[in-house]
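Asks: predicted model and sequence below, questions to follow.
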Amino acid sequence: MFDILVYLYETYYRPDACPDPEALVKKLSAVGFEDEDISQALGWLTDLATATDEFNSCYPQQAAFSFGTRIYVEQEINQIGTAAVGFLQFLESAKVINAIQREIVVGRALAVGEAPLPLDKLKVIVLMVLWSQGQEPDSLMFDELLLDEDEEPEPRLLH
């Protein structure tokens, strides 16, 4: 499923650039993804859209600028892992995501059902939440979100 999400992120600049679901299924099949993975990824994306709509309609915009501290319950920590919780706190403090986006990420991470969720998968979830809302992290954060833990970063040119 995560390979499909990354493919969609890399292939389509915005979610509204994606073809309709039927055409997208055909395209993903033609590229070589398995039907079960396609179904799982599209279901996950549908649930992401639903969660985003619910949060945006239920909570005032002021909640996006919350300065409170999020306390994770034991089930959340066990399922998404302490590394993921720390990474979410880092993203929020760096203003890459806001409180509402954090809650959407947590919900989508819990929906994966993998415990503990590997950090690289959480990073894909963060990218997909931002992508689904038409936002793009700055280039340094983008590198952080796409860089595997074991990979060495590419040297950067100063100009």
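Replies: That came through fine.

Asks: which of the helices and strands in the chain ranks last by mean pLDDT?
Replies: helix 139-146 (a mean of 60; mean pLDDT, DSSP states H and E).

Asks: who touches the longest helix anywhere in the chain?
Replies: Secondary structure of the chain per DSSP state H: the longest helix is helix 35-58. If you take Cβ atoms under 8 Å, 6 or more residues apart in numbering as the criterion, helix 35-58 is touched by 1, 3-5, 8, 21, 24-25, 28-29, 33, 100, 103-104, 107-108, 111-112, 128-129, 132-133. (Each C-beta comes from the backbone N, C-alpha and C, glycine too.)

Asks: let's see which of those residues end up in helices.
Replies: Using DSSP H, the contacts of helix 35-58 in helices are 3-5, 8, 21, 24-25, 28-29, 100, 103-104, 107-108, 111-112, 128-129, 132.

Asks: and the residues you listed, which are buried?
Replies: 4-5, 8, 24-25, 28, 100, 103-104, 107-108, 112, 128-129, 132 (16 or more other Cβ atoms under 10 Å).
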